[in-house]
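Colleague: Sharing a model prediction with you, sequence too.
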Amino acid sequence: MAARGPATVPKLRFALLAAPFLQSPMSIHFPPALQRGQRVALVSPARKISAAELAPAVRILTGWGLEVVLGESIAGDYHQFAGDDDLRRRDFQRQLDDPDLHAILCARGGYGTARIVDGLDFAGFAARPKWVAGFSDVTVLNCHLLALGHASIHGVMPVLFGQAGGEKSLESMRRALFGETARPLDAPGHPLNWPGTATGELVGGNLSLLHTLTGTASQASFAGRILFLEDLDEYLYHIDRMLLHLHRSGQLAGLAGLVVGHFSQMRDNAVPFGTTAYEIINAYARLYDFPVGYGFPVGHEPDNHALVVGQATQLTVTAGGSRLSALPG
């Protein structure tokens, strides 16, 4: 296979593995689009947040014609968490089961969603699906729902709704929630792009969380799907370690394509790792033959466009740029 990227990127020499996590295809269920006048809840399944921090988001959502309710976890306070595990789980369960609620927007990320997900009962949600939206630590819910056969939204969270430079991201979230036709998402040309075209359902999110979910009930299959990745504030050797694990566990073997978003505020040791986050990703991606597009506006930057996890999508990658387009379904 032809090498990808600059010659300075070291070649990895691992045997290609059969993917042990292949799952039988399942139908993905999509919640109804929001309508003006409907109720949505803001909850915090991870780090604590105050109602005052969410005031701009409440104004924006109200301007969209929605009725906003604040969950018990908003203003919850237990060390760094938005209340202890039981409070956050109870709050999220209440929103899942509320028949008059049409979306659950996770107010912020941080850490803690994985601590409560196994205690959640999705039976009522399955009978009356609703949109669940967020990113970063909310990758736990994006993947857990996909493993259960339900779509969700990976996108900007309410604590960031008013940030400068995030106007297009916020509009993409509104369009996703209200079921408006998704606009193609473009990325500029990048020297590490691996050209090609792929189709498949979207899966992915924060690399650290995807790594953590391996072997749990929240692990969603990557097989035949387009994986998207992003991360924040990680050491470069951590990026390598996590990708090595995804490779050795066979999870990269069945990908249809790879979308690489923001890898922001990467760290390094006193003795440098020697390659950038994108070069590390490239070293593993080039062991396979799926198209790879770098530089997509997804992740921990103001330019963080909404992606519907579970959406049938086409990825087109050329040397001059990449495009991700939702397919009719």
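Modeller: Great, that's in hand. All of these numbers come straight from a predicted model, not from anything done at the bench. Numbers count the residues shown, from 1 in each chain.
Colleague: which neighbours does the longest strand anywhere in the chain have in its sheet, and in what orientation?
Modeller: Ordering each strand of the chain by length in residues (DSSP state E) puts strand 196-206 first. Paired strands of strand 196-206, with direction, are strand 226-232 (parallel), strand 312-318 (antiparallel) (DSSP bridges).
Colleague: Out of those, which one sits most buried?
Modeller: strand 226-232 (a mean of 25; mean count of other C-beta atoms under 10 Å). Any C-beta I mention is one placed from the backbone N, CA and C, and that applies to glycine too.
Colleague: roughly how far apart are Ala52 and Leu87?
Modeller: 19 Å (C-beta to C-beta, to the nearest Å).
Colleague: same thing with Val69?
Modeller: With C-beta to C-beta as the criterion, Val69 and Leu87 are 16 Å apart.
Colleague: The nearest residue to Met157 once chain neighbours are set aside: neighbouring residues, count only.
Modeller: Spatial nearest neighbour of Met157, excluding adjacent residues (C-beta to C-beta, 6 or more residues apart in numbering): Gly134 at 5.0 Å. Neighbour count of Gly134, defined by other C-beta atoms under 10 Å: 29.
Colleague: How about Ala253?
Modeller: Count around Ala253 with other C-beta under 10 Å applied: 20.
Colleague: That one in helix, strand or coil?
Modeller: Secondary structure assignment for Ala253 (DSSP: H, G, I helix; E, B strand; the rest coil): coil.
Colleague: related to what we said a few turns ago, got a markdown table for the strands paired with strand 196-206, with mean pLDDT and distance to Gly110 too?
Modeller: Putting the strands paired with strand 196-206 into a markdown table (pLDDT from 0 to 100; distance: least, C-beta to C-beta, whole Å) gives the following:
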| stretch | mean pLDDT | distance to Gly110 |
| --- | --- | --- |
| strand 226-232 | 98 | 11 |
| strand 312-318 | 98 | 28 |
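Colleague: Dump these to CSV, plus distance to Ala103.
Modeller: Formatted as CSV, the strands paired with strand 196-206 follow (distance: least, C-beta to C-beta, whole Å):
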stretch, distance to Ala103
strand 226-232, 22
strand 312-318, 21
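Colleague: and Tyr278, which of the ones you listed is closest to it?
Modeller: Closest approach to Tyr278 among the strands paired with strand 196-206 is made by strand 226-232 (10.5 Å; C-beta to C-beta).
Colleague: Kindly state the domain boundaries assigned to the protein.
Modeller: For the chain, automatic domain parsing gives the domain ranges 39-177, 185-326.
Colleague: Put together JSON lines for the ones you listed, with distance to Ile28 on each row.
Modeller: Formatted as JSON lines, those follow (distance: least, C-beta to C-beta, whole Å):
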{"stretch": "domain 39-177", "distance to Ile28": "5"}
{"stretch": "domain 185-326", "distance to Ile28": "4"}
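Colleague: Provide a list of residues in contact with Phe178.
Modeller: 33-35, 64 (C-beta atoms under 8 Å, 6 or more residues apart in numbering).
Colleague: Tell me the spacing between it and Pro32.
Modeller: For Phe178, the distance to Pro32 - C-beta to C-beta - is 10 Å.
Colleague: where along this structure do the helices fall?
Modeller: Assigned by DSSP state H, the helices in the chain fall at 55-63, 85-97, 123-127, 139-147, 167-177, 207-213, 236-248, 277-285.
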